[in-house]
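> Fold the following and give me the result.
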Amino acid sequence: LLNVAPTKAYEAIMFGLSCSTDGSDNRYYFLADDLILQRGNPCEIDDCPPICQTMDITVGLDQDGLLMLSPDDINNNSYDQCSDVTLEITQDTFTCDDIGSNTVVLTVTDEAGNASSCSANVTVVDVTNPTCLVQPINLALDQNGQATITPQMIDAGSADECSDVTLEIDIDNFNCNDIGENEVTLFVTDASGNSSSCRTIVTVEDKTAPICAVSDITVSLDNDGFFTVSPQQIDAGSVDECGDIILSILGNDTFGCDDLATTQEVILLVTDQSGNTSTCSSKVEVIDLDEVCIDPCDNDTTPPTVACPALPITLSLDNNGLASIGIAELGISATDNCPGKIRYEPVDIYMCQCRAKLYYRNCL
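Numbering: from 1, shown residues only. Got it, this is the predicted structure:
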(Lines give C-alpha, C1' and ligand atoms only; values in the text may rest on other atoms or scores of the structure.)
Protein backbone atom coordinates (compact mmCIF):
# COMPACT_ATOMS: atom_id res chain seq x y z
CA LEU A 1 0.00 0.00 0.00
CA LEU A 2 1.06 3.53 -0.69
CA ASN A 3 0.80 6.20 1.94
CA VAL A 4 -0.57 9.00 -0.24
CA ALA A 5 -1.52 12.20 1.45
CA PRO A 6 -4.96 13.28 0.32
CA THR A 7 -5.24 16.47 -1.67
CA LYS A 8 -8.31 17.56 0.15
CA ALA A 9 -10.01 16.81 3.38
CA TYR A 10 -11.85 13.57 3.45
CA GLU A 11 -13.86 11.88 6.06
CA ALA A 12 -11.83 8.98 7.25
CA ILE A 13 -13.69 5.78 7.94
CA MET A 14 -11.86 3.42 10.20
CA PHE A 15 -11.26 0.22 8.36
CA GLY A 16 -9.26 -1.88 10.70
CA LEU A 17 -8.38 -1.19 14.39
CA SER A 18 -5.27 -2.53 16.03
CA CYS A 19 -3.83 -0.71 19.07
CA SER A 20 -0.60 -2.46 19.97
CA THR A 21 0.66 -2.72 23.48
CA ASP A 22 3.87 -0.95 22.57
CA GLY A 23 2.00 2.21 21.60
CA SER A 24 2.33 1.88 17.81
CA ASP A 25 -0.76 2.30 15.71
CA ASN A 26 -1.61 -0.23 13.05
CA ARG A 27 -4.98 1.23 12.20
CA TYR A 28 -5.93 1.83 8.52
CA TYR A 29 -8.52 4.22 7.12
CA PHE A 30 -10.61 4.08 3.88
CA LEU A 31 -10.94 7.44 2.16
CA ALA A 32 -14.28 7.13 0.44
CA ASP A 33 -13.91 9.69 -2.31
CA ASP A 34 -10.51 8.61 -3.58
CA LEU A 35 -10.96 4.97 -2.73
CA ILE A 36 -7.56 5.13 -1.26
CA LEU A 37 -6.58 2.92 1.62
CA GLN A 38 -3.87 4.49 3.66
CA ARG A 39 -2.29 4.20 7.06
CA GLY A 40 -3.72 6.96 9.18
CA ASN A 41 -2.22 9.28 11.80
CA PRO A 42 -2.70 7.41 15.10
CA CYS A 43 -3.46 10.56 17.07
CA GLU A 44 -6.29 11.72 14.71
CA ILE A 45 -8.59 9.27 16.37
CA ASP A 46 -7.08 8.39 19.82
CA ASP A 47 -8.97 5.56 21.35
CA CYS A 48 -6.00 3.54 22.48
CA PRO A 49 -5.35 3.42 26.24
CA PRO A 50 -2.05 4.65 27.64
CA ILE A 51 0.64 2.24 28.77
CA CYS A 52 0.59 1.66 32.58
CA GLN A 53 3.83 0.58 34.24
CA THR A 54 4.53 0.30 38.01
CA MET A 55 7.30 -0.77 40.30
CA ASP A 56 7.18 -2.38 43.74
CA ILE A 57 8.56 -0.23 46.55
CA THR A 58 9.36 -0.40 50.25
CA VAL A 59 8.67 2.74 52.28
CA GLY A 60 8.98 3.64 55.94
CA LEU A 61 6.50 5.35 58.22
CA ASP A 62 7.51 8.65 59.77
CA GLN A 63 7.94 9.27 63.50
CA ASP A 64 4.18 9.76 63.82
CA GLY A 65 3.43 6.41 62.18
CA LEU A 66 2.20 7.96 58.92
CA LEU A 67 3.10 7.69 55.23
CA MET A 68 1.78 9.77 52.34
CA LEU A 69 2.19 8.03 48.96
CA SER A 70 2.05 9.82 45.62
CA PRO A 71 1.35 8.16 42.23
CA ASP A 72 4.87 9.02 41.15
CA ASP A 73 6.22 6.81 43.94
CA ILE A 74 5.06 3.64 42.15
CA ASN A 75 4.88 4.91 38.55
CA ASN A 76 7.49 3.35 36.31
CA ASN A 77 7.36 5.56 33.20
CA SER A 78 3.73 5.07 32.26
CA TYR A 79 2.92 6.97 29.07
CA ASP A 80 0.60 7.60 26.12
CA GLN A 81 1.83 8.02 22.52
CA CYS A 82 -0.46 10.91 21.86
CA SER A 83 -0.72 13.02 24.97
CA ASP A 84 0.29 13.56 28.54
CA VAL A 85 -1.24 11.35 31.15
CA THR A 86 -2.61 11.82 34.64
CA LEU A 87 -1.92 9.36 37.42
CA GLU A 88 -4.10 8.25 40.29
CA ILE A 89 -3.71 5.59 42.97
CA THR A 90 -6.25 3.72 45.04
CA GLN A 91 -4.51 4.42 48.39
CA ASP A 92 -2.27 7.32 49.28
CA THR A 93 -2.27 7.26 53.10
CA PHE A 94 -0.73 4.52 55.21
CA THR A 95 -0.51 4.04 58.98
CA CYS A 96 0.86 1.49 61.40
CA ASP A 97 -2.09 -0.75 60.54
CA ASP A 98 -0.72 -1.09 57.01
CA ILE A 99 2.71 -2.41 57.97
CA GLY A 100 3.55 -5.19 55.54
CA SER A 101 2.66 -5.70 51.86
CA ASN A 102 -0.14 -3.60 50.32
CA THR A 103 -1.51 -3.75 46.78
CA VAL A 104 -1.93 -0.29 45.28
CA VAL A 105 -3.55 0.21 41.87
CA LEU A 106 -2.22 2.91 39.55
CA THR A 107 -4.63 4.32 36.95
CA VAL A 108 -3.16 6.12 33.93
CA THR A 109 -5.51 8.36 31.91
CA ASP A 110 -4.64 10.19 28.67
CA GLU A 111 -6.14 13.42 27.40
CA ALA A 112 -8.64 11.52 25.27
CA GLY A 113 -10.01 9.88 28.34
CA ASN A 114 -8.52 6.50 27.66
CA ALA A 115 -7.32 4.80 30.84
CA SER A 116 -5.42 1.75 31.93
CA SER A 117 -4.51 0.35 35.32
CA CYS A 118 -1.81 -1.76 36.86
CA SER A 119 -0.82 -2.62 40.42
CA ALA A 120 2.26 -2.43 42.59
CA ASN A 121 3.22 -3.97 45.91
CA VAL A 122 3.87 -1.26 48.48
CA THR A 123 5.67 -2.69 51.50
CA VAL A 124 5.22 -0.44 54.54
CA VAL A 125 7.80 -0.72 57.28
CA ASP A 126 8.33 0.90 60.68
CA VAL A 127 11.82 2.38 60.73
CA THR A 128 11.41 4.75 63.70
CA ASN A 129 13.05 3.86 67.00
CA PRO A 130 10.74 3.72 70.02
CA THR A 131 10.88 6.45 72.66
CA CYS A 132 12.86 5.47 75.78
CA LEU A 133 11.93 7.15 79.09
CA VAL A 134 13.31 6.28 82.54
CA GLN A 135 13.07 7.44 86.15
CA PRO A 136 15.50 7.14 89.09
CA ILE A 137 14.47 4.88 91.97
CA ASN A 138 15.59 3.95 95.48
CA LEU A 139 15.96 0.24 96.15
CA ALA A 140 16.11 -1.29 99.64
CA LEU A 141 17.98 -4.55 100.22
CA ASP A 142 16.09 -7.37 101.93
CA GLN A 143 17.11 -9.12 105.15
CA ASN A 144 19.55 -11.24 103.17
CA GLY A 145 21.23 -8.22 101.61
CA GLN A 146 19.72 -8.85 98.17
CA ALA A 147 17.37 -6.91 95.87
CA THR A 148 16.03 -7.35 92.33
CA ILE A 149 14.45 -4.85 89.95
CA THR A 150 12.36 -5.25 86.81
CA PRO A 151 12.48 -3.00 83.72
CA GLN A 152 9.04 -1.68 84.62
CA MET A 153 10.39 -0.26 87.89
CA ILE A 154 12.62 2.25 86.08
CA ASP A 155 10.46 2.72 82.97
CA ALA A 156 8.75 6.12 82.81
CA GLY A 157 6.43 5.54 79.86
CA SER A 158 8.59 4.25 77.01
CA ALA A 159 6.46 3.74 73.89
CA ASP A 160 6.38 3.20 70.14
CA GLU A 161 4.04 4.81 67.63
CA CYS A 162 3.13 1.49 66.03
CA SER A 163 3.33 -1.33 68.51
CA ASP A 164 3.89 -2.49 72.02
CA VAL A 165 7.47 -2.49 73.23
CA THR A 166 9.60 -4.98 75.11
CA LEU A 167 11.79 -3.72 77.95
CA GLU A 168 15.14 -5.06 79.11
CA ILE A 169 17.79 -3.84 81.56
CA ASP A 170 21.50 -4.54 81.81
CA ILE A 171 21.54 -4.96 85.63
CA ASP A 172 18.72 -6.44 87.68
CA ASN A 173 20.35 -7.95 90.80
CA PHE A 174 21.95 -5.95 93.60
CA ASN A 175 23.63 -6.78 96.92
CA CYS A 176 25.49 -5.11 99.78
CA ASN A 177 28.42 -4.30 97.49
CA ASP A 178 26.11 -2.06 95.43
CA ILE A 179 24.99 0.23 98.25
CA GLY A 180 24.89 3.75 96.82
CA GLU A 181 24.23 4.96 93.27
CA ASN A 182 24.24 2.52 90.34
CA GLU A 183 23.76 3.36 86.65
CA VAL A 184 21.25 1.08 84.91
CA THR A 185 20.46 1.04 81.17
CA LEU A 186 16.95 0.40 79.85
CA PHE A 187 16.60 -1.09 76.34
CA VAL A 188 13.30 -0.57 74.47
CA THR A 189 12.46 -2.65 71.36
CA ASP A 190 9.37 -2.40 69.18
CA ALA A 191 7.65 -5.12 67.14
CA SER A 192 9.66 -4.19 64.04
CA GLY A 193 12.98 -4.66 65.79
CA ASN A 194 13.76 -0.97 66.18
CA SER A 195 15.36 -0.19 69.53
CA SER A 196 16.57 2.65 71.72
CA SER A 197 18.13 2.90 75.16
CA CYS A 198 18.44 5.35 78.04
CA ARG A 199 20.06 5.37 81.49
CA THR A 200 18.98 6.14 85.03
CA ILE A 201 20.27 5.86 88.61
CA VAL A 202 19.23 3.10 91.01
CA THR A 203 20.20 4.02 94.57
CA VAL A 204 20.64 0.88 96.65
CA GLU A 205 19.97 1.28 100.38
CA ASP A 206 20.37 -0.90 103.45
CA LYS A 207 17.33 -0.26 105.61
CA THR A 208 17.34 -3.56 107.48
CA ALA A 209 18.24 -3.38 111.18
CA PRO A 210 21.08 -5.64 112.33
CA ILE A 211 20.31 -8.73 114.41
CA CYS A 212 20.94 -8.17 118.14
CA ALA A 213 21.77 -11.19 120.28
CA VAL A 214 22.88 -11.27 123.96
CA SER A 215 23.54 -13.73 126.76
CA ASP A 216 22.95 -13.37 130.51
CA ILE A 217 26.11 -13.14 132.62
CA THR A 218 27.26 -13.07 136.27
CA VAL A 219 29.94 -10.55 137.29
CA SER A 220 31.98 -10.14 140.49
CA LEU A 221 33.04 -6.75 141.80
CA ASP A 222 36.72 -5.83 141.59
CA ASN A 223 38.95 -4.79 144.49
CA ASP A 224 37.50 -1.30 144.37
CA GLY A 225 33.97 -2.64 144.69
CA PHE A 226 32.93 -1.90 141.08
CA PHE A 227 32.40 -3.71 137.77
CA THR A 228 31.88 -2.22 134.29
CA VAL A 229 30.17 -4.42 131.68
CA SER A 230 31.59 -4.21 128.14
CA PRO A 231 29.41 -4.81 125.02
CA GLN A 232 31.49 -7.82 124.06
CA GLN A 233 30.76 -9.52 127.42
CA ILE A 234 27.03 -9.72 126.78
CA ASP A 235 27.08 -10.00 122.96
CA ALA A 236 26.06 -13.44 121.71
CA GLY A 237 26.70 -13.09 117.98
CA SER A 238 24.96 -9.94 116.85
CA VAL A 239 25.33 -9.60 113.09
CA ASP A 240 24.33 -7.52 110.04
CA GLU A 241 23.76 -8.85 106.53
CA CYS A 242 25.95 -6.17 104.98
CA GLY A 243 29.08 -6.20 107.08
CA ASP A 244 30.63 -4.82 110.22
CA ILE A 245 28.66 -3.62 113.22
CA ILE A 246 29.36 -1.37 116.20
CA LEU A 247 28.45 -2.58 119.71
CA SER A 248 27.75 -0.26 122.65
CA ILE A 249 25.90 -0.25 125.96
CA LEU A 250 22.77 1.84 126.12
CA GLY A 251 22.31 3.21 129.65
CA ASN A 252 24.05 2.08 132.85
CA ASP A 253 26.99 -0.27 132.50
CA THR A 254 28.77 0.10 135.91
CA PHE A 255 27.72 -1.60 139.17
CA GLY A 256 28.92 -1.49 142.80
CA CYS A 257 28.24 -2.75 146.30
CA ASP A 258 24.73 -1.32 146.27
CA ASP A 259 23.87 -3.68 143.39
CA LEU A 260 24.91 -6.88 145.20
CA ALA A 261 22.47 -9.77 145.13
CA THR A 262 20.43 -8.11 142.35
CA THR A 263 19.89 -8.83 138.67
CA GLN A 264 20.52 -5.76 136.52
CA GLU A 265 19.24 -5.17 133.00
CA VAL A 266 21.94 -4.12 130.54
CA ILE A 267 20.89 -2.98 127.05
CA LEU A 268 23.11 -3.79 124.06
CA LEU A 269 22.91 -1.36 121.12
CA VAL A 270 23.93 -2.71 117.69
CA THR A 271 24.58 -0.24 114.82
CA ASP A 272 25.39 -1.22 111.22
CA GLN A 273 27.32 0.72 108.59
CA SER A 274 24.15 2.32 107.22
CA GLY A 275 23.10 3.64 110.63
CA ASN A 276 20.37 1.07 111.24
CA THR A 277 20.13 0.02 114.91
CA SER A 278 18.61 -2.64 117.09
CA THR A 279 18.68 -3.33 120.84
CA CYS A 280 18.29 -6.28 123.16
CA SER A 281 18.59 -6.75 126.95
CA SER A 282 20.86 -8.96 128.99
CA LYS A 283 20.41 -9.92 132.65
CA VAL A 284 23.56 -9.25 134.70
CA GLU A 285 23.82 -10.75 138.20
CA VAL A 286 26.23 -8.86 140.52
CA ILE A 287 28.18 -10.82 143.16
CA ASP A 288 31.12 -10.12 145.51
CA LEU A 289 33.45 -13.11 145.44
CA ASP A 290 36.29 -11.27 147.19
CA GLU A 291 33.97 -9.80 149.83
CA VAL A 292 35.25 -6.33 149.11
CA CYS A 293 31.90 -4.90 150.13
CA ILE A 294 31.94 -6.38 153.73
CA ASP A 295 32.75 -3.70 156.44
CA PRO A 296 35.07 -5.24 159.12
CA CYS A 297 33.90 -2.60 161.59
CA ASP A 298 30.31 -3.84 161.53
CA ASN A 299 31.25 -6.41 164.23
CA ASP A 300 34.23 -4.65 165.80
CA THR A 301 35.38 -6.06 169.16
CA THR A 302 38.78 -4.41 169.29
CA PRO A 303 38.91 -1.39 171.68
CA PRO A 304 40.58 1.81 170.56
CA THR A 305 44.06 2.73 171.78
CA VAL A 306 44.05 5.83 173.98
CA ALA A 307 46.98 8.11 174.69
CA CYS A 308 46.51 9.95 178.01
CA PRO A 309 48.19 13.26 178.79
CA ALA A 310 50.96 13.63 181.34
CA LEU A 311 49.78 14.25 184.86
CA PRO A 312 49.17 16.49 186.61
CA ILE A 313 47.30 19.07 184.53
CA THR A 314 47.28 22.63 185.72
CA LEU A 315 44.23 24.84 185.14
CA SER A 316 43.68 28.45 186.03
CA LEU A 317 40.51 29.35 187.87
CA ASP A 318 38.47 32.32 186.78
CA ASN A 319 37.26 35.16 189.02
CA ASN A 320 34.52 32.94 190.26
CA GLY A 321 37.00 30.28 191.23
CA LEU A 322 35.84 27.99 188.40
CA ALA A 323 37.52 26.34 185.42
CA SER A 324 36.24 24.18 182.51
CA ILE A 325 38.11 21.59 180.56
CA GLY A 326 37.42 19.60 177.36
CA ILE A 327 39.00 16.86 175.31
CA ALA A 328 41.22 19.30 173.50
CA GLU A 329 42.45 20.87 176.70
CA LEU A 330 43.20 17.46 178.16
CA GLY A 331 45.27 16.53 175.10
CA ILE A 332 43.70 13.08 174.85
CA SER A 333 44.20 11.18 171.55
CA ALA A 334 42.93 7.80 170.40
CA THR A 335 43.36 5.42 167.46
CA ASP A 336 41.17 2.52 166.29
CA ASN A 337 41.12 -0.11 163.56
CA CYS A 338 37.81 1.42 162.35
CA PRO A 339 38.56 5.09 161.67
CA GLY A 340 35.73 7.51 162.22
CA LYS A 341 33.99 5.39 164.80
CA ILE A 342 35.76 6.65 167.93
CA ARG A 343 33.43 8.28 170.45
CA TYR A 344 34.76 10.42 173.32
CA GLU A 345 32.93 10.50 176.62
CA PRO A 346 33.50 13.12 179.38
CA VAL A 347 36.14 12.23 181.90
CA ASP A 348 35.59 12.26 185.64
CA ILE A 349 37.56 15.02 187.35
CA TYR A 350 37.59 16.62 190.78
CA MET A 351 36.81 20.31 190.77
CA CYS A 352 37.89 22.41 193.74
CA GLN A 353 37.60 26.12 194.22
CA CYS A 354 40.36 26.16 196.76
CA ARG A 355 42.93 24.28 194.89
CA ALA A 356 44.51 25.29 191.66
CA LYS A 357 45.52 21.79 190.77
CA LEU A 358 43.30 19.35 188.86
CA TYR A 359 44.24 15.77 188.77
CA TYR A 360 43.42 13.42 185.90
CA ARG A 361 41.41 10.53 187.15
CA ASN A 362 40.10 8.50 184.26
CA CYS A 363 40.85 8.67 180.53
CA LEU A 364 38.42 5.96 179.44
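> What distance do you get for the residue nearest to Ala307 when sequence neighbours are not counted to Leu67?
Nearest non-adjacent residue to Ala307, counting by CB to CB, 6 or more residues apart in numbering: Ser333, 4.6 Å away. For glycine as for every other residue, the C-beta is placed from the backbone atoms N, C-alpha and C. According to CB to CB, to the nearest Å, Ser333 stands 123 Å off from Leu67.
> What segments of the stretch 251-364 of the chain are strands?
With DSSP state E, counting those that start in this stretch as the definition, the stretch 251-364 of the chain shows strands at residue ranges 254-256, 263-272, 277-287, 305-307, 313-314, 333-335, 357-358.
> Mind putting these into a markdown table with mean neighbour count?
Putting these into a markdown table (neighbours: other CB atoms under 10 Å) gives the following:
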| stretch | mean neighbour count |
| --- | --- |
| strand 254-256 | 16 |
| strand 263-272 | 18 |
| strand 277-287 | 17 |
| strand 305-307 | 12 |
| strand 313-314 | 12 |
| strand 333-335 | 12 |
| strand 357-358 | 14 |
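> Thr54 - nearest residue in space that isn't next to it in sequence?
Among residues not flanking Thr54 along the chain, Ala120 sits closest, at 3.7 Å (CB to CB, 6+ apart).
> show me the contacts for that neighbour.
54-57, 74, 103-104, 106 (CB atoms under 8 Å, 6 or more residues apart in numbering).
> among those residues, which ones are buried?
54, 74, 104, 106 (16 or more other CB atoms under 10 Å).
> Leaving out the residues flanking it, which one is nearest to the second one?
Looking back up the chat, that one is Ile74. Ala120 (4.1 Å).
> Report the buried residues of the strand or helix carrying the one you found.
Secondary structure from DSSP states H and E places Ala120 in strand 115-126. Using 16+ other CB under 10 Å as the test for burial, strand 115-126 gives 115-116, 118, 120, 122, 124-126.
> so after that strand, what's the next helix or strand?
strand 137-140.
> which other helices and strands contact that following strand?
In terms of contacts (3 or more CB pairs under 8 Å, 6 or more residues apart in numbering; DSSP states H and E), strand 137-140 is packed against strand 195-205.
> on that earlier part again, so which of the buried ones among the contacts of Ala120 is the closest to Val184?
Val184 lies nearest to Val104 out of the buried ones among the contacts of Ala120, by CB to CB, at 45.2 Å.
> That closest one bridge partners, please.
Ala120 (DSSP bridges).
> same check, this time on Phe255
Under the criterion used here (DSSP bridges), Phe255 is bridged to Phe227.
> and if you look at Thr166?
Thr189.
> pretty sure it is touching Leu186, no?
No - under the criterion of CB atoms under 8 Å, Thr166 makes no contact with Leu186, lying 11.1 Å away.
> neighbour-wise, which of the two wins?
Counted by other CB atoms under 10 Å, Thr166 and Leu186 do not tie: Leu186 has more neighbours, with 24 against 14.
> Check what pLDDT the closest residue to the more buried one other than its chain neighbours gets.
Distances taken as CB to CB, 6+ apart put Val134 closest to Leu186, at 5.1 Å, once the chain neighbours are dropped. Looking at Val134, its pLDDT is 98.
> list the contacts for Val134?
154-156, 158, 186, 198-200 are the contacts of Val134 under CB under 8 Å, 6+ apart.
> State the number of residues packed around Glu183.
Residues near Glu183, counting by other CB under 10 Å: 10.
> just Asn138 next, same as before
Neighbour number of Asn138 under other CB under 10 Å is 10.
> before we move on, what about Cys43?
For Cys43, using other CB under 10 Å, the count is 13.
> What residues does the closest residue to Cys257 other than its chain neighbours make contact with?
Distances taken as CB to CB, 6+ apart place Cys293 nearest to Cys257, at 3.7 Å, with adjacent residues excluded. By CB under 8 Å, 6+ apart, the contact set of Cys293 is 221, 225, 256-257, 260.
> For Leu322, which of the strands of the stretch 251-364 of the chain is the nearest?
Nearest to Leu322 among these is strand 357-358 (11.5 Å), distances taken as CB to CB.
> Let me see the mean pLDDT of the closest one.
Taken as a whole, strand 357-358 has an average pLDDT of 40.
> right, and Ser195 touches Phe187 too?
Yes - the pair Ser195 / Phe187 is scored as a contact, 6.2 Å apart, by CB under 8 Å.
> What score does the residue nearest to Ile74 have for pLDDT?
98.
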